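[1] fold the following, please.
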Amino acid sequence: MRYRSRVTAPAAALIGTATALSVGSPARAAGTGARTGEPGPETLGDPVFPALGNDGYGVSAYHLDLSYDPTTKLVEATATLRVRTTRALTRLSLDALGLDIGSVSVCGRTAGWEQADEKLRITPAEPLPADAAATVRVTYTADPRRTLPHTAWVPTPDGFAICPQPNSAHTVFPCNDHPSDKADFSFRITVPDGLRGVANGLLTGTESLGDGRTAYSYRSLAPIATELVQITVGDYVIKDRQGPYGLPLRDVVPAARAAALEPALALTPGLVTWLESRLGAFPFETYGLLPCNSDDPNAFDFTGLETQTLTLYKPNFLLQEERKIGSHMMHELVHSWFGNLVSPATWADLWLNEGHADFYGLLYRYERGWTDSLGFTTMEARMKDTYTRGDQWRHDSGPVAAPNATNLFDSQRYLGGVLVLYAFRQLVGEDVFHAVERAFLDRFRGSSATTADYIAVASEISGQDQSGFLGDWLNGTRTPRMPGHPDWTVTPVTSSLMTPHSRRGGHWHENSATF
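    I've put the predicted structure just below:
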């Protein structure tokens with residue numbers, strides 16, 4: 001089947017995990033004697049989230065084993081990480097917040113550990129040499145309802161789902177929580193009979209444990225960034241259907257809403273077909289929707305989230321007619337290519353995700369003659385209107401490729417990104433533009449890429465140095481002239497410091513133009 005040529009082979013099974021470990025107090029002693037190496041840095045220096053991520057190693061695989069108790073609402077879990085050091089380490093750290101740690105081992109030996117801010121510092125019994133493989137095992141308990149400064153947990157009446165983006169995967173499992181360190185994932189989710197546990201990727205096993213519980217196992221066939229992990233428990237039915245060229249489509253639907261949601265779910269094959277004709281074969285082993293079983297408006301403050309192979313949605317949004325949901329369903333599907341297949345190397349590169357998702361989502365809308373939220377029916381009309389706002393948005397939110405943690409998910413990364421792509425297409429023409437898009441996806445598939453990487457591919461494929469043109473559009477403080485539209489003008493900047501497209505509380509205010 002055509003799409004399967006795009007899938008990475010499964011990772012080897014994790015090895016070297018320890019058996020039951022003793023439990024003690026934090027910051028306990030590890031091995032003694034001379035220690036060579038140094039503590040690994042507790043940051044990757046991300047320009048938006050400077051404290052996020054950890055250096056000195058890379059993660060090649062995670063295995064997450066979670067057990068949900070519906071009486072206590074707690075999750076008992078073990079995270080097993082296969083890592084490779086990039087330098088000699090006397091200590092390494094993982095991102096972790098709100099997790100009650102029970103035990104830690106490295107290469108099967110009890111390790112010292114302490115929690116500090118959002119870091120879990122781990123001291124192996126013996127230092128780890130450079131370029132060494134190691135297995136890190138952490139047992140812990142998590143409360144999906146715990147109040148934290150930020151959280152990925154979405155509690156529901158019958159379980160939970162998670163929304164890790166951008167910086168909250170480490171409230172669910174200890175990890176190197178940065179999209180530049182993608183890894184293979186496998187999962188085992190144990191739930192009471194009558195509930196279902198689901199995660200990214202394909203179901204690899206179902207085991208009845210004989211005590212009123214069932215364990216569901218999943219594995220992804222391609223690397224996942226931590227912000228794209230999905231784990232959910234609830235009273236679900238699984239609805240399978242076939243997509244184009246044999247692509248398996250899997251929707252995870254609250255049992256009580258299955259019939260009502262079917263019209264929206266049935267749209268996916270057509271959406272995939274439309275996008276494959278532009279971006280190439282669907283890049284993963286499966287795709288589907290997860291309408292989270294919660295009507296709480298505060299459960300999560302966005303409509304859809306592109307967790308890999310299984311997009312999280314608010315169920316009530318999907319109950320609307322096609323013209324009100326189709327464009328945004330396309331937006332989320334585009335993330336399978338821009339954001340999931342190729343992830344941002346830093347959070348400053350987010351426009352690559354959101355600009356592309358809105359670009360193709362709007363194209364899909366206008367091809368169908370659906371009026372957008374401002375009353376426009378063509379990309380040119382919407383871009384002319386967006387162009388007038390360019391200097392104001394740069395004043396209020398900075399350049400498209402220079403966000404901060406407060407304005408990361410505002411309109412400058414969405415529509416501002418669309419305007420950049422529209423300007424580039426105007427400059428080089430439709431054929432060259434699409435050649436650049438496909439070359440970029442092929443070049444960085446399964447990994448992460450920077451804004452500079454996109455500019456380099458654009459220069460190579462177009463045969464002209466695009467660093468000046470795209471650099472001005474992405475990083476300039478003033479809006480450049482629009483190719484092909486010398487009559488377009490930009491509205492002068494006012495002194496406003498807060499506009500309707502700015503971030504509000506929680507994760508972010510919804511700013512996609514595809515609604």
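[2] which residue is nearest the middle of this structure?
    L228 (3.2 Å; Cα atoms, centre = their mean).
[3] the closest residue to that residue other than its chain neighbours sits in which helix or strand?
    Excluding its sequence neighbours, the residue lying closest to L228 (Cβ to Cβ, 6 or more residues apart in numbering) is Q308, at 4.2 Å. The C-beta positions use only the backbone N, C-alpha and C, and glycine is treated the same way. Assigned by DSSP states H and E, Q308 belongs to neither a helix nor a strand.
[4] related to what we said a few turns ago, against V75, how distant is the residue nearest to the centre of the chain?
    Counting by Cβ to Cβ, to the nearest Å, the gap from L228 to V75 is 19 Å.
[5] try A125
    28 Å.
[6] same drill for these two, tell me which one is more crowded.
    In terms of neighbours (other Cβ atoms under 10 Å), V75 is the more surrounded of A125 and V75; the figures are 24 against 16.
[7] quick one, what contacts the closest residue in space to that one that isn't next to it in sequence?
    What sits nearest to V75 in space, not counting adjacent residues and going by Cβ to Cβ, 6+ apart, is A142, at 4.6 Å. Contact analysis of A142 by Cβ atoms under 8 Å, 6 or more residues apart in numbering lists 74-75, 77, 98-100, 153, 171-172.
[8] buried among the residues you listed? Make that a PyMOL selection.
    With 16 or more other Cβ atoms under 10 Å as the criterion, this PyMOL line picks the buried residues out of the contacts of A142:
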select buried, resi 74+75+77+98+99+153+171+172
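[9] now, the contacts of A142 that are in strands?
    Mapping these onto strands (DSSP state E) picks out 75, 77, 99-100, 153.
[10] mind listing the helices for the stretch 1-150 of the chain?
    With helices called from DSSP state H, counting those that start in this stretch, the stretch 1-150 of the chain shows none.
[11] tell me where it has strands.
    Secondary structure of the stretch 1-150 of the chain (DSSP state E, counting those that start in this stretch): strands at 38-39, 57-68, 75-85, 89-95, 99-106, 109-110, 112-116, 119-123, 133-142.
[12] now for this protein, the helix or strand with the poorest mean pLDDT.
    Among the helices and strands of the chain, strand 304-305 carries the lowest confidence by mean pLDDT, DSSP states H and E, at a mean of 94.
[13] residues making contact with that strand?
    Here strand 304-305 makes contact (Cβ under 8 Å, 6+ apart) with 163, 165, 311-314, 317, 328-329, 331-332.
[14] ok, which pair from the ones in strands among the contacts of A142 is furthest apart?
    For the ones in strands among the contacts of A142, the maximum inter-member distance is 13.9 Å, found between D100 and W153 (Cβ to Cβ).
[15] list the helices and strands the stretch of helix or strand Y360 belongs to packs on?
    Under the criterion of DSSP H and E, Y360 resides in helix 351-367. Contacts defined by 3 or more Cβ pairs under 8 Å, 6 or more residues apart in numbering; DSSP states H and E place helix 351-367 against helix 268-279, helix 322-334, strand 342-344, helix 379-388, helix 411-428, helix 451-462.
[16] now the ones you listed as TSV including mean neighbour count?
    Listed next are these as TSV, based on neighbours: other Cβ atoms under 10 Å:
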stretch	mean neighbour count
helix 268-279	17
helix 322-334	22
strand 342-344	26
helix 379-388	18
helix 411-428	25
helix 451-462	20
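[17] could you dump the ones you listed into CSV and include distance to D131 and mean pLDDT?
    Below are the helices and strands packed on helix 351-367 laid out as CSV (distance: least, Cβ to Cβ, whole Å; pLDDT from 0 to 100):
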stretch, distance to D131, mean pLDDT
helix 268-279, 36, 98
helix 322-334, 37, 98
strand 342-344, 24, 98
helix 379-388, 48, 98
helix 411-428, 37, 98
helix 451-462, 26, 98
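[18] now the ones you listed in TSV, with distance to P248?
    Listed next are the helices and strands packed on helix 351-367 as TSV, based on distance: least, Cβ to Cβ, whole Å:
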stretch	distance to P248
helix 268-279	11
helix 322-334	15
strand 342-344	22
helix 379-388	33
helix 411-428	30
helix 451-462	31
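[19] what's the closest of these to D487?
    For D487, the closest of these is helix 379-388, at 9.3 Å, according to Cβ to Cβ.
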